[in-house]
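> test case, fold it:
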Amino acid sequence: MEITVNGEKYDVRRGISLFEYISESGYDMARTAVELNKNIVPKSGYKNCILSEYDMLEVVTFVGGG
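As a prediction, the model looks like this:
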């Protein structure tokens, strides 16, 4: 099925959770915030959030520095 992440289209398997997608895509879970279809998803909801065809994700990774 097709989803859009940060403006780019990706094919992912049906039934994948947001947690699985973020983990398998190499994002650092501790430094990542996700918006799904214009709604922020709390980290506590990642495992129960099953992605659907044509979902739109915005994934932001926080970077420390000084």
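> below-threshold pLDDT in the chain: ranges please.
The chain contains residues with pLDDT under 70 at 65-66.
> helices of that one, start to end?
With DSSP state H as the criterion, the chain has helices at 18-24.
> wait, doesn't Glu35 sit right on Pro42?
No: contact criterion CB atoms under 8 Å: Glu35 and Pro42 do not qualify, at 11.3 Å. Any C-beta I mention is one placed from the backbone N, CA and C, and that applies to glycine too.
> and the two? which has more neighbours close in?
Glu35 (13 against 9; other CB atoms under 10 Å).
> what's the neighbour count on the closest residue to that one other than its chain neighbours?
Distances taken as CB to CB, 6 or more residues apart in numbering put Glu58 closest to Glu35, at 4.2 Å, once the chain neighbours are dropped. Neighbours of Glu58 under the rule other CB under 10 Å: 15.
> my guess is Glu58 contacts Asn37, does it?
No: between Glu58 and Asn37 there is no contact under CB under 8 Å: 9.6 Å.
> how about Asn48, what does it touch?
Contacts of Asn48 were listed using CB atoms under 8 Å, 6 or more residues apart in numbering, and they are Ser17.
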